[in-house]
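Q: Compute the structure for the input listed below.
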Amino acid sequence: MALNAAEADVMVREGVAAMQRRDAATARRLFETLADPASGIVPPWILLAQACRLEGDHAAEEVAVDRLLADQPRNLRALVMKGDCRARQGDDRAATSFYSLALKAAPTDGSVPQALAADLQRVSEAVQAHRRDYQAHMESALAAIDGGEAGPRFRQAIDILAGRKQVYVQQPNSFYYPGLPQIQFYERGAFPWVAEMEAATSAIRDELTALMAEGEAFAPYVQGRADRPRPANPLFEDPRWGAAYILKEGVLVPEMAERCPRTVAALEAAPMPHIRGRSPMALFSRLHPGTHIQPHNGLLNTRLICHLPLIVPPGCRFRVGNEVREWEEGKMLIFDDSIEHEAWNDGDSTRVVLLFEIWRPEIDAAERQALTALFESIVDY
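A: A predicted model of the protein is given here:
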């Protein structure tokens, strides 16, 4: 029986009223009539599903929800109800997938109706509970495996799978070189030259201390150029994050060569790029207490950044991707700065590291030569 809009509206209102008085049978009969293709109107699948739920016919409820999701795959109420249907059948993994999609699709501007917001809070708690159960299951299954022998990469994979960590990848701001491994921190023992530089820590620190005592050698790390847009960095022109360059844009800073000769000599051990107008680059990086360098990505993924910690008070830490480490004086940190990273000095005194760049070890000599020519052509343009 074909219905006109007025007739359909009356039946919808009667069906809703029936549900409000807990008359599930009447509501279901009305909504099934409206859902009949012969009615000629858009089927009220969500109302039919709710009426079937009220009547306790969960199989029919799920059929109606599936019909709605076929047309509206991101309908929040239908996703929640589909998750509920799967949960009643003991299929927690399926329930969690529908709940998670509903949470991801839900607007965050406060426009969700109160009743639906309460359901989203409920399913959020269910998702968290499932993740805890999933994590406990994995930990139990892996209890017999020597995690230390498997290595940190395996541990990180488990953390990502369990939702404790997320995936971070190289996202350089200027130039992306394909095919390079996604490694956040490189272990310093893999670089033969590191031990020699670490052995010079005391000498480098002495030159830094004298430099800081003689006067203000540091300028704000983030500075602008008249011919470029202003950097969108909260520490723009802020001396709390300072830099004293030793090598800048491929040139040795003369006064620093005179004042820090042992530092300059130590840097010669590192495989730094030599690119006219750009590299090598090396500086003392100073971070005042209470300063937070917010998450950001570097320009290139063809290099790694090295930190030789020289002055490190308690309360300083550094994140690259999903791994947080603390600086330790005299122990090099080597990381891929094209992966999102940030730093904190929550201590009560200044932190200073010697910062410089090196070629990525995966890039061979021929590639380095080609990249050097490429980057120099960019400088010349």
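
Q: pull the helix or strand with minimum mean pLDDT from the chain.
A: helix 147-150 (a mean of 63; mean pLDDT, DSSP states H and E).

Q: Report the buried residues of the helix or strand that that helix is followed by.
A: As assigned by DSSP states H and E, the chain's next helix or strand after helix 147-150 is helix 152-161. Judged by neighbour count (16 or more other Cβ atoms under 10 Å), helix 152-161 contains these buried residues: 156, 158. (C-beta placed from N, C-alpha, C; glycine too.)

Q: Can you show me the helices along this protein?
A: For the chain, the helices defined by DSSP state H cover 5-20, 24-35, 45-55, 58-71, 76-88, 92-105, 114-141, 147-150, 152-161, 194-199, 201-214, 254-259, 261-267, 365-380.

Q: tell me the angle of the third one relative to helix 5-20?
A: If I follow you right, that is helix 45-55. Per axes from the mean of the first three to the mean of the last three Cα atoms, to 10 degrees, the angle that helix 45-55 makes with helix 5-20 is 30 degrees.

Q: residue closest to the middle of this protein?
A: Closest to where the C-alpha atoms of the chain average out (Cα atoms, centre = their mean) is Tyr168, at 5.3 Å.

Q: got a list of what that one touches?
A: Each residue near Tyr168 by Cβ atoms under 8 Å, 6 or more residues apart in numbering is listed here: 182, 184, 320-322, 339-340.

Q: Could you rerun that using 10 Å?
A: The contact partners of Tyr168, taken as Cβ atoms under 10 Å, 6 or more residues apart in numbering, are 160, 182, 184, 297, 319-323, 336, 339-341.

Q: Among the residues you listed, which lie within strands?
A: Of these, the ones assigned to strands by DSSP state E are 319-320, 323, 341.

Q: Which of those sits closest to Asn173?
A: Minimum distance to Asn173 across the ones in strands among the contacts of Tyr168 is 12.7 Å, recorded for His341 (Cβ to Cβ).

Q: beta partners of that closest one?
A: Counting by DSSP bridges, His341 is bridged to His296, Val320.

Q: Report how many residues lie close to it.
A: Neighbours of His341 under the rule other Cβ atoms under 10 Å: 22.

Q: Same check on Ala129?
A: If you count neighbours by other Cβ under 10 Å, Ala129 ends up with 12.

Q: Now do the contacts for it.
A: When contacts are counted by Cβ under 10 Å, 6+ apart, Ala129 touches 92, 96.

Q: quick one: it and Val123, what's the gap?
A: From Ala129 over to Val123 the distance is 10 Å, taken as Cβ to Cβ, to the nearest Å.

Q: Next, show the common contact partners of these two.
A: Residues touching both Ala129 and Val123 (Cβ under 10 Å, 6+ apart) are Thr96.

Q: ok, Ile339 touching Gly321?
A: Yes. Counting by Cβ atoms under 10 Å, Ile339 does reach Gly321; the two are 4.8 Å apart.

Q: Mind listing the shared neighbours of those two?
A: Both Ile339 and Gly321 are contacted by 168-170, 182-185, under the criterion Cβ under 10 Å, 6+ apart.

Q: Just the buried residues of those.
A: Neighbour counting by 16+ other Cβ under 10 Å classes 168, 170, 183-185 among the shared contacts of Ile339 and Gly321 as buried.

Q: Format these as a markdown table; extra columns: distance to Gly56.
A: Converted to a markdown table, these look like this (distance: Cβ to Cβ, whole Å):
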| residue | distance to Gly56 |
| --- | --- |
| Tyr168 | 47 |
| Gln170 | 53 |
| Ile183 | 55 |
| Gln184 | 52 |
| Phe185 | 56 |
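
Q: Can you tell me which of the helices of the chain is nearest to Glu357?
A: Judging the helices of the chain by Cβ to Cβ, what sits closest to Glu357 is helix 261-267, at 10.6 Å.

Q: hmm, who's touching that closest one?
A: Residues contacting helix 261-267 (Cβ under 10 Å, 6+ apart): 193, 196-208, 211, 246-247, 252-253, 256-258, 260, 280, 282, 284, 306, 308, 310, 354, 356.

Q: Try it again at 8 Å.
A: Against helix 261-267 from outside (Cβ under 8 Å, 6+ apart): 196-197, 200, 203-204, 206-208, 246-247, 252, 256-257, 280, 282, 354, 356.

Q: Could you do stretch 372-381 as well?
A: Against stretch 372-381 from outside (Cβ under 8 Å, 6+ apart): 175, 273-279.

Q: try 10 Å this time
A: Stretch 372-381 is contacted from outside by 174-175, 177, 249-250, 273-279, 300, 302, 359, using Cβ under 10 Å, 6+ apart.

Q: go on, stretch 205-219?
A: 200, 237, 239, 241-246, 253, 255-256, 259-264, 266, 283-286, 308-311, 329-330, 350, 352-354.

Q: and those, which are buried?
A: Buried members of these, scored by 16+ other Cβ under 10 Å, are 200, 241-246, 253, 256, 259-260, 263-264, 266, 283-286, 308-311, 330, 350, 352-354.

Q: can you list the domains in the chain?
A: 5-135, 185-380 (automatic domain parsing).

Q: Tell me where the model's unsure across the chain.
A: Scanning the chain with the threshold set as pLDDT under 70 gives 1, 146-149.

Q: about what we covered before: and the two most separated of the ones in strands among the contacts of Tyr168?
A: Within the ones in strands among the contacts of Tyr168, two members stand farthest from each other by Cβ to Cβ: Glu323 and His341, at 9.8 Å.

Q: Mind listing the shared neighbours of those two?
A: Shared contacts of Glu323 and His341, defined by Cβ under 10 Å, 6+ apart, are found at 168, 184-185, 335.

Q: and Pro178, how far is that from Val63?
A: Between Pro178 and Val63 the computed distance is 47 Å (Cβ to Cβ).

Q: re earlier: adding distance to Phe154, write the domains of the chain out as TSV.
A: Shown next, in TSV, are the domains of the chain (distance: least, Cβ to Cβ, whole Å):
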stretch	distance to Phe154
domain 5-135	15
domain 185-380	14
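
Q: what's the closest of the ones you listed to Ala150?
A: Ala150 sits nearest to domain 185-380 of all the domains of the chain, at 15.9 Å, using Cβ to Cβ.
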